[in-house]
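Visitor: my questions concern the predicted model and sequence given below.
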Amino acid sequence: MAIDINSPGNSLKPFAPGDVFIGLTLLNDPTDDHAGLGRIVQYGADLQPKGVLWTEGGGHFVGGLAVDRQGLLWAFNDLAVIHVDPRTARQLPLSDRFLPRVYRSASFAADGRIILGEHMKADKRPDNAIARRTTTKFPVIPGEGVLGFGYVYQYGPDWSLQKVFHTETAPEMTAFKGVTHSTLHPSGRFLTYTTETGKRIMRYDVVNDCQMPDLVRYPGDDVFDRVWAIAVKYLPDGRLLVTRGDFMELLDDRGYVIRSYPLETYGWSDIDVYPDGRQCIVSNIWEGTIVRLDVETGEVTGRIDTGCKAPNRCLAGVAVYPGA
């Protein structure tokens, strides 16, 4: 039976290996171009739609999707942390254990640590040419009066706060972004992260609590020249995938390019990796499309077109369910 992703009611199915989940908020607020009904859409391993979950918590993009080691699906919307149970395919009650921050990326260490990157870094809504192009009403952190600090937060297996890492970030064109994409090295010792459209691929030692030398620093000082990094994701063997706009690169542990993957159009903004490390899935927020790619051959092995392309752009996260 065909799934209508715009129909009311939750139709998400219990998770199966190879399922793909995407954040696809239904933008329906005429006063805020990033606001609407939170929505997570489920696709099967064949990349055909299976179900929809209308989420609770937050009023803007549902994004930063990730699956933890127990199979729980995580997502974020404004200051809310969203969890979806893989067995019931239902959202769990919102937890108050997390500091209210605009998180947008999650990593899960083998010892149970949960490491969340804070998307926002600004005292107030910027007043610049880029910011004026959007009508987004940014949430303010209660009691702090700011949009965000651009830090990284470590929580324990019981979701208790353990540490706040005061991470560096990179200049970028919007002047409000912090740690927008992050990925934990397979060793569990350091986090590699970006400020989207910044010129640094940064690293932070989450064991010794210290900034590390950048993995990559791109040349030039012009933050509008498109010589930048966007999304990052480690393969199980420690090689790193990074999207660069209209192409993706595979880097070794010294930051050298092993190979490059040309991608259609511009706007490739999120990556997840299949458990065997052979395939990855990459999403494009501007085109509303997703491709599945063979990392070793560069072959595109599957494609999803959500129909949500700019200006109705809302594809803000993608995650693959590896199975129990």
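Guide: Done, it's in. Numbering: from 1, shown residues only.

Visitor: torsion angles phi and psi at Arg217?
Guide: Dihedral angles of Arg217 (phi, psi; degrees, to the nearest 10) stand at phi -130, psi 120.

Visitor: that one against Arg203, yeah?
Guide: No. If you go by C-beta atoms under 8 Å, Arg217 and Arg203 don't touch, sitting 11.5 Å apart. All C-beta atoms are positioned from the backbone trio N, CA, C, and that covers glycine.

Visitor: between the two, which one's more packed in?
Guide: Neighbours were counted for Arg217 and for Arg203 using other C-beta atoms under 10 Å; Arg203 has more, 21 against 14.

Visitor: mind checking which helix or strand the closest residue to that one other than its chain neighbours is in?
Guide: Excluding its sequence neighbours, the residue lying closest to Arg203 (C-beta to C-beta, 6 or more residues apart in numbering) is Met212, at 4.0 Å. Per DSSP states H and E: Met212 is located in strand 210-217.

Visitor: sheet-wise, list the partners of the following helix or strand past that strand with their directions.
Guide: Of the helices and strands lying after strand 210-217 in sequence (DSSP H and E), the nearest is strand 232-234. Using DSSP bridges, strand 232-234 pairs in its sheet with strand 240-243 (antiparallel).

Visitor: tell me if I am right that Gly23 is in a strand.
Guide: Yes. Applying DSSP: H, G, I helix; E, B strand; the rest coil, one finds Gly23 inside a strand.

Visitor: pick out the residue closest to the middle of the chain.
Guide: By C-alpha atoms, centre = their mean, the chain has its centre lying nearest to Gly64, at 3.2 Å.

Visitor: is that residue within a helix or a strand, and which one?
Guide: Using DSSP H and E, Gly64 maps to strand 63-67.

Visitor: flag every buried residue along whatever helix or strand comes next after that strand.
Guide: Going down the chain from strand 63-67, the next helix or strand is strand 73-77, by DSSP H and E. With burial defined by 16 or more other C-beta atoms under 10 Å, the residues of strand 73-77 counted as buried are 73-77.

Visitor: any idea what the nearest residue to Leu92 once chain neighbours are set aside is bridged to?
Guide: The shortest distance from Leu92 to any non-neighbouring residue, by C-beta to C-beta, 6+ apart, is to His83 (4.4 Å). His83 has the following beta-bridge partners by DSSP bridges: Trp74.

Visitor: just give me the neighbour total for His83.
Guide: Other residues close to His83 by other C-beta under 10 Å number 17.

Visitor: might one say that it is in contact with Phe98?
Guide: No. Taking contacts as C-beta under 8 Å, His83 lies outside contact range of Phe98: 10.4 Å.

Visitor: and Met173, what is it in contact with?
Guide: For Met173, the contact set (C-beta atoms under 8 Å, 6 or more residues apart in numbering) comprises 130, 197, 223-224.

Visitor: any idea how far Trp228 is from it?
Guide: 9 Å (C-beta to C-beta, to the nearest Å).

Visitor: burial check on the residue nearest to Arg203, number of neighbours?
Guide: For Met212, using other C-beta under 10 Å, the count is 15.

Visitor: could we number from 240 for the rest of this?
Guide: In the new count, where the first residue is 240, that last one comes out as Met451.

Visitor: residue contacts, it?
Guide: 429, 441-444.

Visitor: on that earlier part again, report the rounded mean pLDDT for the strand holding Met451.
Guide: Averaging pLDDT along strand 449-456 gives 98.

Visitor: how far does it sit from the chain's center?
Guide: The chain centre lies 20 Å from the centre of strand 449-456; the measure is C-alpha atoms, centre = their mean, to the nearest Å.

Visitor: do stretch 382-392 as well
Guide: The chain centroid and the centroid of stretch 382-392 are separated by 18 Å under C-alpha atoms, centre = their mean.

Visitor: over to stretch 370-384?
Guide: 19 Å.

Visitor: likewise for stretch 510-522?
Guide: Averaged C-alpha coordinates place stretch 510-522 at 13 Å from its chain's average position (C-alpha atoms, centre = their mean).

Visitor: show residues contacting it.
Guide: Taking C-beta under 8 Å, 6+ apart as the rule, stretch 510-522 contacts 257, 259, 261, 304-305, 470-476, 480, 482, 487, 502, 507-509, 528-535, 540, 554, 556-559, 561-562.
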